[in-house]
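Engineer: output the structure for:
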Amino acid sequence: MKRDELYKQIEKGIATCTTSERYLTYLAVMSRFHKYSFANTICIACQDSAATQVAGYHTWQTKFKRHVKKGAKAIYILAPIKKKNEDDEEEIVAFKAMPVYDVRFTAGAPLPTLADPLTESVNSFSSVIAKLKSIAKIPIEEVPENFTALGCYSSITNTISIRKGLAEAQYVKTLVHEIAHSRMHSESTATKVSKEVEAESVAYIFCQYLNIDTSAYSFEYLTAWSGGNTEILRDSFERIYSTSQQLIKEYEEVL
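Structural biologist: Reported below is the predicted structural model:
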């Protein structure tokens, strides 16, 4: 499929998802998460590259009816200390370190999700995985089934982790997603949103090449991260396309 056709396909999928009732429900809950500054976003990524949704200890309890698990690892961000000035207006006078916790270290009421895991089988699954591991060129490990994320790439250790027990289509899609992260974002200063849009788009295109339909998952995942803003996709699509084509080329060259 040609570059422009792939772009229009993904853009249309995102546009369709933004009008769904499921997406509106998702937005209502996700709006309760605090929007962090660029500096704090970098702080979070440096301390825990797998973090996706973070909140303070009491925020998890009061806004989301979840609790932080015993022994959970805190991520420290900078929180402003405010005092009123002579005009009775609040101004920032200093900053303090404040702990927040990623969703995977919490338990309780479920958060709404957009992307239901893929459940389909894949032809020659073992061979496909063997080839993907060959082109990944970095260590790939399986993590326990209670790991919150389906997979993650750590730029610190340069490794990929995939949750055990995934259905074949989900395993393939997730592995390609994390390989894309390793190729595109090991030293990237792009925003978390751009990184996720890029990696999932590469995974979608690669799975299309393998005749694995991930649209039910990928389009909702992309909508959740982009907020329906297809300009993010447009700005990144040249990188998305070139990375996906390079992975396909390497995959075909594996003996």
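Engineer: show me the contacts for the residue nearest the centre of the chain.
Structural biologist: The structure's the chain has its C-alpha centroid closest to E196; by C-alpha atoms, centre = their mean the separation is 4.7 Å. The contact partners of E196, by C-beta atoms under 8 Å, 6 or more residues apart in numbering, come to Y221, W225. The C-beta positions use only the backbone N, C-alpha and C, and glycine is treated the same way.
Engineer: distance of it from A149?
Structural biologist: 12 Å (C-beta to C-beta, to the nearest Å).
Engineer: common neighbours of the two, please.
Structural biologist: With C-beta under 8 Å, 6+ apart as the test, E196 and A149 reach no residue in common.
Engineer: check contacts around the spatially closest residue to Y204 that is not a sequence neighbour.
Structural biologist: Nearest in space to Y204, with sequence neighbours left out and distances taken as C-beta to C-beta, 6 or more residues apart in numbering, is S218 at 4.1 Å. By C-beta under 8 Å, 6+ apart, S218 lies in contact with I10, G13, A115, K173, E200, S201, A203, Y204, C207.
Engineer: lowest pLDDT pick from those?
Structural biologist: Lowest pLDDT among the contacts of S218: A115, with 81.
Engineer: surely that residue forms part of a strand?
Structural biologist: No. Counting by DSSP: H, G, I helix; E, B strand; the rest coil, A115 is located in no strand; its state is coil.
Engineer: surely it meets W225?
Structural biologist: No. With contact defined as C-beta atoms under 8 Å, A115 does not reach W225; the gap is 10.1 Å.
Engineer: the two: which is more packed in?
Structural biologist: Using other C-beta atoms under 10 Å, the more surrounded residue of A115 and W225 is W225, with 22 against 19.
Engineer: can you tell me the element the more buried one falls in?
Structural biologist: helix 215-226 (DSSP states H and E).
Engineer: pLDDT averaged over that helix - what is it?
Structural biologist: Across helix 215-226, the per-residue pLDDT values average to 92.
Engineer: show me which residues of the helix or strand just after it are buried.
Structural biologist: Using DSSP H and E, the helix or strand that directly follows helix 215-226 along the chain is helix 230-253. For helix 230-253, burial by neighbour count (16 or more other C-beta atoms under 10 Å) applies to 230, 232-233, 236-237, 239-241, 243-244, 247-248, 250-251.
Engineer: stretch 113-129 too?
Structural biologist: Those would be L114, A115, P117, L118, V122, V128, I129, for stretch 113-129 by 16+ other C-beta under 10 Å.
Engineer: do the same with stretch 54-66
Structural biologist: So stretch 54-66, judged by 16+ other C-beta under 10 Å, has buried residues V54, A55, G56, Y57, T59, W60, F64, R66.
Engineer: make TSV from the residues you listed and add pLDDT to it.
Structural biologist: Listed next are the buried residues of stretch 54-66 as TSV, based on pLDDT from 0 to 100:
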residue	pLDDT
V54	93
A55	93
G56	95
Y57	96
T59	94
W60	95
F64	92
R66	96
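Engineer: report the beta-bridge partners for I162.
Structural biologist: Judged by DSSP bridges, the bridge partners of I162 are E142, G151.
Engineer: could you look up the SS state of the residue of the chain positioned farthest from its centre?
Structural biologist: What lies farthest from the middle of the chain is E86; by C-alpha atoms, centre = their mean that is 44.8 Å. State at E86, reduced to three classes by three-state DSSP: coil.
Engineer: likewise the one 10 residues further on?
Structural biologist: When classified by three-state DSSP, K96 comes out as strand.
Engineer: what does the one 4 residues further on give?
Structural biologist: Three states are possible here, and by three-state DSSP the one that applies to V100 is strand.
Engineer: now it: how far from T59?
Structural biologist: 8 Å.
Engineer: looking at the contacts of S218, which are in helices?
Structural biologist: With helices taken from DSSP state H, the overlap with these comprises I10, G13, K173, E200, S201, A203, Y204, C207.
Engineer: how far away is the fourth one from N158?
Structural biologist: So the one you mean is E200. 21 Å.
Engineer: higher neighbour count, those two?
Structural biologist: Ranked by neighbour count (other C-beta under 10 Å), E200 and N158 place E200 first, with 27 against 12.
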